[in-house]
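**Student:** here's a sequence, model it:
(2 chains)
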Amino acid sequence: MSIDNKIVEKIAKLSRISLEDNEVNDLSLELSQILDWVEQLSEINTDDISPIFSSFDDAGDINLREDIISDGGYRDKVISNAPMSEDGFFLVPKVID
Amino acid sequence: MNELINLSIKEALLLLNKKELSPIDLIDAHINEMEGARSLNLFITETADLAREAALSSEKNYNTNEARPLEGIPFGIKDMFCTKDIRTTASSKMLENFVPPYESTVTKNLWDDGAILLGKLNNDEFAMGSSNETSFFGAVKNPWKNSKKNITVPGGSSGGSAASIAANIGIASLGTDTGGSIRQPASFTGTVGLKPTYGRCSRWGIIAFASSLDQAGPITKNIEDAALVLNSICSYDKKDSTSSNKKLPDFEKSIEKSIKGKKVGIPKEYNMDGVSQEIISYWEKGKEWLVESGAELVDVSLPNIKYALPCYYIIAPAEASSNLARYDGVKYTHRVDSDNIIDMYEATRAEGFGSEVKRRIMIGTYVLSSGYYDAYYLKAQKVRAMISQDFKNVFSEVDVIFGPSTPTTAFEVGEKNDDPIEMYLNDVFTVPVNLAGLPALSVPVGLDSNKLPIGLQLIGNAFDEESILSFGRCIEKSANFNSTPERWWKNE
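**Tutor:** You can find the predicted model right below:
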């Protein structure tokens, strides 16, 4: 599976990372190498195998708590690390014209 | 002063409890060492003043006989654990100024038991790396130079956590292990590193890398100290839905349990090309030591283990690409301004993340993207199920699995930076364990001809840390590894 510059640019867009031209070239090479390497998984027949998404699946049930409010009221703390905020809100560039 | 920094947790507690040692003197000794070792680049944030304050209360607690289990013991903490009101960076420019308003559960457990924070330790950026060279704050140096007197890497991603213990700065440290990030650096630095079973320690407040694999654990000077730290950090936590509520044993009691009659699985697949012959010889010696202690060796097979690394390098980046989506220039300190919100996201992430993190986010985004999900991500999760089943089959007949921790000893700084895959191969023995969620530890056994430490790995069945601790103690006694690095950094 070869990753060309066009695919790299598409993935970068999906990842919300802007890239310089030289980075696109390097990444198309590196990502191709990595994907060629992981391609060896196609050797294995997994037709009858159910996937697992966590080793916890069979170590016990996921512990769900009751759906009640148990915490909160920390607006100022939550906002304290925001690069820009005002009146307790996160500030972002204008999104609606 | 110097003798104080050599003490293990157990030794220090003994003296502290007899009031032959003051926690203030102990902390001062470690702070002094920390400040004299800045050339190793171990700490991102030092917290000496807070540590001295905490030592004063520890002293009071000893004087009033109210000392807690780890009262006055200095710890370094990997900078992946959120510490309340203390900068926590994940060694990334993205979080350079992030100050968490809350404390991670595992570190809270330590402080509740009287342990004292010495500082926040350097690691690979967002725990992605095997050499601690991807940190925004610069590479960590391994206290162990090689026989050519060149600087080596401490391994990664918990490089600062391992190197600090090798240098006797802090008595124990915490790391995180997603694919070997505790065990591989422990092996490179001649320290003990233990990854508990997935679910033993709460992940709440640990900066997420790959949530189905991440687990916190200790790096210590010996097996006994690892058990003491486990006793403190393991707990059921309602704030982590994958935290286990299984009953916790007293890990300290398990270390002297006899291994007589117990079965040790020797996986034939671990005898692979590219593994240092000197490591293989120590593995052979290790088998003899276990047999001398009455254990029985059993040849076992983990047929799908050769697929563990490619499987991991689909799953871990996939989870990372999702977890790291939150760093968008809105909530976490770093932003590159722009009038357009999409441009702001893209510029912030381009500037805030280093090249290895970007590479993994992009791989993860690709394998999760429409049209490729089944071929890569789902396929990898099926292979993961097969690897997990291999381990289950083996653990139906043995108590532990025994093998090397790493294929080589520490390499030189810059040696493996050109080829990402060559770097990934470092974790060939450690990654399978994370995919299956099992506990494992690395214990130092000797030095190779390059004068660098060799570690061997014990893997246990799920929730059986006790067996790897008792086997680890047995190897530790037989190996009697007591070499220490020359303290060259004191003069730099």
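**Student:** B:L117 - nearest residue in space that isn't next to it in sequence?
**Tutor:** Distance criterion C-beta to C-beta, 6 or more residues apart in numbering or on different chains; nearest residue to B:L117, sequence neighbours excluded, is B:T47 at 5.4 Å. Backbone N, C-alpha and C define where each C-beta goes, glycine included.
**Student:** residues in contact with that neighbour?
**Tutor:** Neighbouring residues of B:T47 by C-beta atoms under 8 Å, 6 or more residues apart in numbering or on different chains: B:86, B:117-120.
**Student:** among those residues, which two are most distant?
**Tutor:** Taking C-beta to C-beta, the two most distant members of these are B:I86 and B:L118; they sit 11.5 Å apart.
**Student:** the more surrounded of those two?
**Tutor:** When B:I86 and B:L118 are compared for neighbours, B:L118 comes out ahead with 28 against 19, by other C-beta atoms under 10 Å in any protein chain shown.
**Student:** next one: that one relative to chain A, how far apart?
**Tutor:** Going from B:L118 to chain A by C-beta to the nearest C-beta, to the nearest Å gives 24 Å.
**Student:** what's the answer for B:A316, then?
**Tutor:** B:A316 is 11 Å from chain A, by C-beta to the nearest C-beta.
**Student:** the strands in the stretch 51-200 of chain B, which residues?
**Tutor:** Using DSSP state E, counting those that start in this stretch, the strands found in the stretch 51-200 of chain B span residues B:74-78, B:116-121, B:172-176, B:192-195.
**Student:** what's the most buried one of those strands?
**Tutor:** Ranked by mean neighbour count, these are led by strand B:192-195 with a mean of 33 (mean count of other C-beta atoms under 10 Å in any protein chain shown).
**Student:** relative to that one, what are the paired strands and their orientations?
**Tutor:** Looking at strand B:192-195 with DSSP bridges, its partner strands are strand B:216-220 (antiparallel), strand B:440-447 (antiparallel).
**Student:** in a markdown table: those strands, plus distance to B:M272 and mean neighbour count.
**Tutor:** Compiled in a markdown table, those are given as follows (distance: least, C-beta to C-beta, whole Å; neighbours: other C-beta atoms under 10 Å in any protein chain shown):
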| stretch | distance to B:M272 | mean neighbour count |
| --- | --- | --- |
| strand B:216-220 | 25 | 30 |
| strand B:440-447 | 18 | 27 |
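**Student:** could I get these in JSON lines, plus columns for mean pLDDT?
**Tutor:** Formatted as JSON lines, the strands paired with strand B:192-195 follow (pLDDT from 0 to 100):
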{"stretch": "strand B:216-220", "mean pLDDT": "98"}
{"stretch": "strand B:440-447", "mean pLDDT": "98"}
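**Student:** any idea how far chain B is from the residue nearest the centre of chain A?
**Tutor:** The centroid of chain A falls nearest to A:S15 when counting by C-alpha atoms, centre = their mean (7.6 Å). The gap separating A:S15 from chain B is 5 Å, by C-beta to the nearest C-beta.
**Student:** can you tell me the closest non-neighbouring residue to that residue?
**Tutor:** B:T365 (4.5 Å).
**Student:** now stretch B:92-99: mean pLDDT?
**Tutor:** For stretch B:92-99, mean pLDDT is 98.
**Student:** hmm, that stretch touching chain A?
**Tutor:** Yes: using C-beta under 8 Å from any C-beta of the partner chain, stretch B:92-99 comes into contact with chain A via B:97-99.
**Student:** which among the residues you listed end up buried?
**Tutor:** The neighbour-count test (16 or more other C-beta atoms under 10 Å in any protein chain shown) marks B:98-99 as buried among the residues of stretch B:92-99 next to chain A.
**Student:** quick check, nearest of the residues of stretch B:92-99 next to chain A to B:S202?
**Tutor:** B:F98 (20.1 Å).
**Student:** look up the closest residue to that closest one, ignoring the ones flanking it.
**Tutor:** Using C-beta to C-beta, 6+ apart, the closest residue to B:F98 is B:T333 (5.1 Å).
**Student:** got the phi and psi for the one you found?
**Tutor:** Main-chain torsions, B:T333, degrees, to the nearest 10: phi 60, psi -50.
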